[in-house]
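**Student:** got a predicted structure plus its sequence, pasted below:
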Amino acid sequence: MPAVMIAQVAVEQTAIYFDKGYDYLVPPSMQETALPGCRVLVPFGRGNRKRQGIVLSVRQETALESIKPIAAVLDKAPLLSNELLSLGKWLREKTYCPQFDALKAMLPAGMSLRLVASYAIAPDVAPERMETLAPEERRIVQHLADSGAHVERERLLEIMGLSPESDLPEQLVKKGFLTRSDDSVRRIGDATVKMVRLALSDEETQALLEGKLTPKQREVVTLLSQAGGASVKEVCYFAACGVSVVNTLVRKGVLEFYANETYRAPVKERPAQDAGSIRLTDEQQKAFEQLLTQYQAGGGVSLLYGVTGSGKTQVFMRLADEVLKLGRAVLVMVPEISLTPQTLSLFYRRYGGQVAVIHSGLSLGERLDEWKRIKNGQAKVIVGTRSAVFAPCEDLGLIILDEEQEHTYKSESSPRFHARDVAKFRVKWHKALLLLSSATPSLESFYQASRGRYTLNRLETRYGDANLPAVSVIDMRLEPPGTGNALSGPLVEELQENLQAGRQSILLLNRRGYNTFASCRSCGEVVTCPNCSISMTYHTANGQMMCHYCGHMQPFTTKCSHCGEDQVRYSGFGTQRVEQELIDRLPGARILRLDTDTTMTRDSHERKLGSFAKGEYDIMIGTQMVAKGLDFENVTLVGIVSADQSLFSDDYRSYERAFALFTQVVGRSGRGKHAGRAVIQTYTPDHPVIALAARQDYDAFYKSEIASRKTMLYPPFCDLCLVGFVGREEEKVQAGAREFLHELKEVAQRDYPKLPLRVLGPAPAVVCKVAGKYRYRLLLKCRDTAEFRRFLMGLLVSFGKKRGFSEVTAYADMNPEGIL
């Protein structure tokens with residue numbers, strides 16, 4: 001029997017409990033094109049409905065069993081290298097996601113394909129047979145007979161006046177009157193002015209997808225959760241919907257429009273302007289030489305820890321010079337888009353057209369073109385956010401993870417990966433260097449460095465003549481009662497003094513909106529979202545109460561829905577409220593507010609920060625996007641408006657996050673020739689985290705916090721695995737969590753008696769209901785070993801097969817950023 005070619009294919013839309021590599025016959029005509037890393041169209045399931053897949057491997061076999069053939073090869077050349085295919089397999093195992101989803105995450109959203117179903121009249125349909133059909137069925141068959149061609153499903157249903165969910169065409173295919181064709185379509189629309197993106201965070205988006213959406217709305221939200229932003233034309237095309245669907249989601253606050261320029265390149269061509277040598281201090285030079293030696297010896301992982309303003313950027317740019325001289329690529333990652341403009345500016349000035357950028361602020365077409373430039377070797381320096389870790393570099397020499405402690409490097413939706421872990425995989429494959437850089441490293445990274453698993457390089461003094469700022473802690477309990485002011489008298493005086501001196505100031509308040517909640521003075525009832533168990537925030541820009549989880553909006557009213565009294569009043573304050581207070585108390589001050597609500601348009605971060613750098617504003621008030629990575633020489637005063645908001649939560653990372661945030665924002669002051677000052681407002685002035693952040697004393701904070709982690713058995717002394725359960729009926733969700741726990745105990749005792757494991761829960765999430773769905777969680781303290789992953793994957797597969805819990809979704813998240 002002659003040998004045949006068999007391809008193993010990862011198929012889309014497979015749940016975890018039946019996800020695997022499926023074997024398909026490679027027809028002789030496709031043997032030169034059906035290569036590993038290419039997308040294919042394959043028949044799947046009993047109905048042989050066409051689905052997309054990605055070829056994982058190809059092998060020869062001499063025996064031919066009953067096996068389905070590949071229907072079509074969709075790419076002219078492999079999109080994914082052997083490295084990225086291997087990374088996909090690793091990602092599936094580590095994040096418990098379907099194989100296709102892991103691989104799809106590595107491709108730009110603009111490259112995604114959609115299957116378009118179309119129908120035509122079947123051959124030799126006798127007119128007398130049509131008499132047996134119902135009137136609506138006969139109309140469809142007659143229309144297709146008259147057209148003499150295939151008609152797309154959406155168009156056909158529209159012409160016939162049928163709902164998008166109608167199954168009449170499929171019924172006619174089964175009866176033999178019609179034939180169906182599935183074609184894959186990819187098209188990047190022309191750049192347009194009108195763009196759209198999600199107005200919600202990753203967690204809010206995930207909650208929304210689990211809530212009540214129409215099928216078309218769900219397609220739009222899913223597309224934008226992957227793409228970040230796209231033109232309205234692109235959204236309507238890829239989600240196969242009308243503009244009205246987008247407009248409805250915008251009215252609900254789920255999406256937001258923003259403007260886009262009409263070219264596909266993210267920036268106009270910028271020639272290199274500053275290729276001269278970088279002058280390093282003795283401390284920087286020592287760190288550079290040690291890092292270069294490690295790179296030349298085969299790479300690995302290193303932590304560059306330096307106080308704010310110590311010049312970490314100069315060190316890794318100098319290192320990038322050496323890597324680029326050898327023709328290898330450099331990947332520079334930042335935690336959020338707001339940091340991209342300044343980082344990009346530095347690298348464009350030095351490396352010009354070699355630079356590519358990847359982040360969610362680009363259109364689908366721009367992202368696709370940048371991806372192509374990277375893959376074909378035109379771009380050797382890649383700057384981007386979390387998704388940039390999958391950049392298709394053929395020879396990667398250096399990955400820099402700036403502000404490595406930031407939670408945004410962890411994905412909150414499938415696949416739930418951390419960019420740091422993916423970067424470790426890639427540098428091991430390429431024998432490259434991963435450089436973690438921060439003034440406030442994560443405890444896990446500093447622990448690994450202190451134990452010698454990473455190398456450690458320290459920068460303990462500020463660059464040049466700059467000194468760390470003097471810090472004042474303001475006890476808000478001493479402020480006059482009843483004023484309702486967010487800003488203390490001493491902070492306002494400092495701001496006034498800075499204004500008179502011609503200096504600039506930055507204020508941090510990690511809450512957007514005007515008032516953070518509203519409650520009834522009569523019965524105490526808090527205005528909550530009807531879909532979520534969370535209070536709503538008042539926004540002055542549109543006069544609406546808004547849920548920051550699901551996007552629900554409703555007009556504010558003083559009448560209580562609980563007791564009927566006219567006693568509902570605003571409380572709390574966000575960035576909009578503080579902006580108004582600054583206008584009232586410092587008349588004439590030029591104020592810039594920087595938060596999600598003011599950065600909707602394309603390049604808004606860059607324009608606003610550029611204006612602030614030019615001195616067009618005196619005071620910048622914003623959320624945590626103003627707290628880190630920014631470098632303005634004329635900023636000599638920073639203020640933390642409400643330190644207590646960050647300090648107190650039940651999450652074991654709360655102190656670490658608060659210390660990092662305080663340290664980073666204090667570090668924005670006095671980075672030039674002028675001395676800096678910082679003011680921290682708090683109701684707990686004696687709190688040790690505030691005192692340590694004021695001193696910028698990371699070592700003392702680490703010593704205290706790592707001892708607490710060891711005592712309580714939290715990372716880095718164990719791994720945490722959160723198993724989540726989501727569904728519309730709370731009783732079923734709770735029962736599902738208990739059933740999972742019951743099987744976990746049985747399997748662990750029977751098959752894994754030596755597996756180190758502690759189980760907490762099940763318990764409802766702190767925000768138990770989101771977008772109409774209830775959430776319960778199990779927390780496993782474990783070691784993320786191959787044995788544990790086999791154990792947990794088996795449990796997830798078993799739970800997915802249980803019909804009694806078909807309406808409950810279970811998922812696993814290893815080392816999540818939050819456990820509440």
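**Tutor:** Looks like it arrived, so ask away.
**Student:** what's the average pLDDT for the top helix by length along the chain?
**Tutor:** With residue count as the measure and DSSP state H as the assignment, the chain has helix 730-751 as its longest helix. With pLDDT averaged residue by residue, helix 730-751 scores 94.
**Student:** which residues sit against it?
**Tutor:** 723, 725-727, 755, 757, 759, 761-762, 764, 768-769, 774-778, 791, 794-795, 798-799, 802, 805, 807-808, 810 (CB atoms under 8 Å, 6 or more residues apart in numbering). C-beta coordinates here come from the backbone N, C-alpha and C atoms, glycine included.
**Student:** which parts of the stretch 51-200 of the chain are strands?
**Tutor:** In chain order, the stretch 51-200 of the chain shows strands spanning 72-73, 114-121, 151-152, 178-185, 194-198, with DSSP state E, counting those that start in this stretch as the criterion.
**Student:** most neighbours per residue, which of those strands?
**Tutor:** Per-residue neighbour counts averaged over each of the strands of the stretch 51-200 of the chain give the maximum for strand 194-198, namely a mean of 21 (mean count of other CB atoms under 10 Å).
**Student:** which elements pack onto that one?
**Tutor:** Packing contacts for strand 194-198, counted by 3 or more CB pairs under 8 Å, 6 or more residues apart in numbering; DSSP states H and E, involve helix 215-227, strand 229-231, helix 232-238, strand 255-259.
**Student:** elements contacting the second one?
**Tutor:** For strand 229-231, the elements it packs on are strand 194-198, helix 364-375, judged by 3+ CB pairs under 8 Å, 6+ apart.
**Student:** could I get those as JSON lines with mean pLDDT?
**Tutor:** Putting these into JSON lines (pLDDT from 0 to 100) gives the following:
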{"stretch": "strand 194-198", "mean pLDDT": "82"}
{"stretch": "helix 364-375", "mean pLDDT": "84"}
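**Student:** do you know which of these lies nearest Leu87?
**Tutor:** Evaluated over those, closeness to Leu87 peaks at helix 364-375, with 15.0 Å, by CB to CB.
**Student:** what inclination does that closest one have with respect to helix 215-227?
**Tutor:** Following axes from the mean of the first three to the mean of the last three CA atoms, to 10 degrees, one obtains 40 degrees for the angle between helix 364-375 and helix 215-227.
**Student:** give me the residues contacting whichever helix or strand comes after helix 364-375.
**Tutor:** Sequence-wise, the next helix or strand beyond helix 364-375 is strand 381-384, with elements assigned using DSSP states H and E. Strand 381-384 is contacted by residues 320, 324, 329-334, 340, 343-344, 347, 351, 354-359, 374, 388, 391, 393 when judged by CB under 8 Å, 6+ apart.
**Student:** try 6 Å
**Tutor:** 330-332, 343-344, 347, 351, 354-359, 374, 388, 391 (CB atoms under 6 Å, 6 or more residues apart in numbering).
**Student:** out of these, who's nearest Leu144?
**Tutor:** When these are compared for distance to Leu144 (CB to CB), Ile358 wins out at 43.9 Å.
**Student:** possible to save the helices and strands packed on strand 194-198 as CSV with distance to Val492, mean pLDDT and mean neighbour count?
**Tutor:** Formatted as CSV, those follow (distance: least, CB to CB, whole Å; pLDDT from 0 to 100; neighbours: other CB atoms under 10 Å):
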stretch, distance to Val492, mean pLDDT, mean neighbour count
helix 215-227, 41, 84, 20
strand 229-231, 38, 80, 26
helix 232-238, 44, 79, 22
strand 255-259, 33, 80, 18
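**Student:** before we move on, the earlier item: same list (the strands of the stretch 51-200 of the chain) but as a markdown table, adding distance to Lys286.
**Tutor:** Formatted as a markdown table, those follow (distance: least, CB to CB, whole Å):
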| stretch | distance to Lys286 |
| --- | --- |
| strand 72-73 | 53 |
| strand 114-121 | 54 |
| strand 151-152 | 65 |
| strand 178-185 | 55 |
| strand 194-198 | 44 |
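**Student:** rank these by pLDDT, which is bottom?
**Tutor:** When the strands of the stretch 51-200 of the chain are compared on average pLDDT, strand 178-185 comes out lowest at a mean of 73.
**Student:** so Asn220 is in contact with Ala240, correct?
**Tutor:** I think there's a mix-up here, since residue 220 is Val and not Asn. No - the pair Val220 and Ala240 does not pass the contact test of CB atoms under 6 Å, sitting 9.8 Å apart.
**Student:** now the helices for the stretch 351-500 of the chain?
**Tutor:** With DSSP state H, counting those that start in this stretch as the criterion, the stretch 351-500 of the chain has helices at 364-375, 419-430, 443-450, 489-500.
**Student:** got the domain ranges for the protein?
**Tutor:** Each structural domain of the chain that the record assigns through automatic domain parsing is listed here as a residue range: 4-106, 115-185, 194-259, 282-459, 470-512+575-709, 515-572, 719-814.
**Student:** out of the helices and strands packed on strand 229-231, which is closest to Pro685?
**Tutor:** When the helices and strands packed on strand 229-231 are ranked by proximity to Pro685 (CB to CB), strand 194-198 comes first, at 38.8 Å.
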